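> just need the structure, nothing else, for what follows:
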Amino acid sequence: MPGRTSKAIPFAVAGAALGALVGGAAAMMMTGVGIRRPESFPDPARSIDDAWQRVERLRVAEEFERITPAASTTLLSPAEPAPDTPTVVLMHGLTMTPDQFVWVGEVLCGLGYRVLLPRMPDHGRADKDPARLADLTAEQLAAWADGVIDIAHGFGGPVWVEGLSAGGLMACWCAQVRPEVTRVAAIAPFAAPHGYRWGVVRTAARLEGLLPARMHHWDDPVFSPHGYEGFPVRGGSAFMVVSEALYDGRLAAVSSLERTTLVLNDGDDQISDPRARELFRACFRDRAAAYSEVTLPAELGWRHDFIDPWIEPRPDPRAVLGVLLGALGIEGADVDAAIAGYEPSGPGTSA
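Model (predicted):
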């Protein structure tokens, strides 16, 4: 998602639809009854070659879909990675693309990590038309996430996942359903939009596919040349289905995590901090050997999309790197040196 907006995401449409479509079923608003649960269907890559081939197939398919090359799925790898090198998966936000995280991936690759930057379904199209997002479903998101972890698994080392906003939500999904994931960092996860009661959000999830395809346009400019100016409300409800599946406790956890970190931002008015905190605690507080929550102070002035290298004004990238790498537990003298010596080479630039 882009930065601050004066209007919350319009899931109030779901509230209006409630009277017409679910009538007096007010009690259902307090539970997950009637909300479909997406499922995970793993098909892990069987070797490093298999993993690379799957990445190449994704990129060929993206060319066919007319995805802007700079917005395509990207894999960064050290020249000679060790067999136990972690693969770090970086997941971008709603209406954005992998270019949001590429600069972070380059730093991680320079530190010796393999980095996978996957593109969410129907993002990054060359025509920048977000209309296809209206048909996005929770099942598609779950299948996409499975495919990403399937690739990361094939490289043989641990899998760590970090994501922003909608990407933060999907990072939580991966850590919940895939045993390969050993660390997760969720940055302002899109568990619910700011300003709406949970009953309305649950209604949006329950009515997935039935909400109007009316566009919500961001109030602030989208600085990335590959991002969309908005998204259809109906497509946004797919993320609320994933959120409810994680929150309601009926989605069985399959992994034992070594580290989990939630990062919230007091300067962010896009997502519901209380709901994100509740969801993250429900999923991970009793499961991780190391569990932490970090809240960035509003005085920093960082927007929701503070990671985006195109954003203006851009926060100090060294400070941003400190937050992102620290959330994953990537620390040490070499890390400090890489952060201190980081020199931006231009917005959206990749190696």
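> residue ranges for the helices of the stretch 251-351 of the chain, please.
273-284, 317-327, 333-340 (DSSP state H, counting those that start in this stretch).
> tell me the contacts of M120?
Contacts for M120 (CB atoms under 8 Å, 6 or more residues apart in numbering) come out as 91-92, 94, 141, 144, 166-167, 170. C-beta: built from backbone N, CA, C; applies to glycine.
> can you add distance to V222 and give the helices of the stretch 251-351 of the chain back as a markdown table?
Listed next are the helices of the stretch 251-351 of the chain as a markdown table, based on distance: least, CB to CB, whole Å:
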| stretch | distance to V222 |
| --- | --- |
| helix 273-284 | 23 |
| helix 317-327 | 19 |
| helix 333-340 | 27 |
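> nearest to F101, out of those helices?
Nearest to F101, of all the helices of the stretch 251-351 of the chain, is helix 317-327, at 8.7 Å by CB to CB.
> which helices and strands sit right next to that closest one?
helix 99-110, strand 181-187, strand 259-265, strand 290-296, helix 333-340 (3 or more CB pairs under 8 Å, 6 or more residues apart in numbering; DSSP states H and E).
> nearest to P221, out of these?
helix 99-110 (15.1 Å).
> list the buried residues in that closest one.
The neighbour-count check on helix 99-110 (16 or more other CB atoms under 10 Å) flags 99-110 as buried.
> go on, stretch 123-133?
Those would be 123-125, 130, 133, for stretch 123-133 by 16+ other CB under 10 Å.
> so which one among the residues you listed has the lowest pLDDT?
Looking at the buried residues of stretch 123-133, model confidence by pLDDT dips furthest at P130: 90.
> how close does that one sit to V60?
For P130, the distance to V60 (CB to CB, to the nearest Å) stands at 23 Å.
> with A71 instead?
Distance from A71 to V60, by CB to CB: 15 Å.
> give me the more crowded residue out of these two.
Shown here are A71 and V60; by other CB atoms under 10 Å, A71 has more neighbours (26 against 10).
> for the protein, what spans make up the strands?
74-76, 87-91, 114-117, 159-164, 181-187, 215-217, 230-232, 259-265, 290-296 (DSSP state E).
> hang on, the earlier thing: out of the buried residues of helix 99-110, the closest to G199 would be?
Using CB to CB, the buried residues of helix 99-110 come closest to G199 at Q100, 31.8 Å.
> I67 versus that closest one, what's the distance?
Going from Q100 to I67 by CB to CB gives 15 Å.
> ditto for L116
Here L116 is placed at a distance of 16 Å from I67 (CB to CB).
> higher neighbour count, those two?
Set L116 next to I67 and count neighbours by other CB under 10 Å: L116 wins out with 25 against 22.
> the residue positioned nearest the centre of the chain: what's it in contact with?
The chain has G167 as the residue nearest its centroid, 0.3 Å off, counting by CA atoms, centre = their mean. Shown in contact with G167 (CB under 8 Å, 6+ apart): 90-93, 120, 187.
> quick one: pLDDT of it?
Note for G167: predicted pLDDT of 98.
> then A253?
A253 is assigned a pLDDT of 80 by the prediction.
> please consider this matter closed, and thank you.
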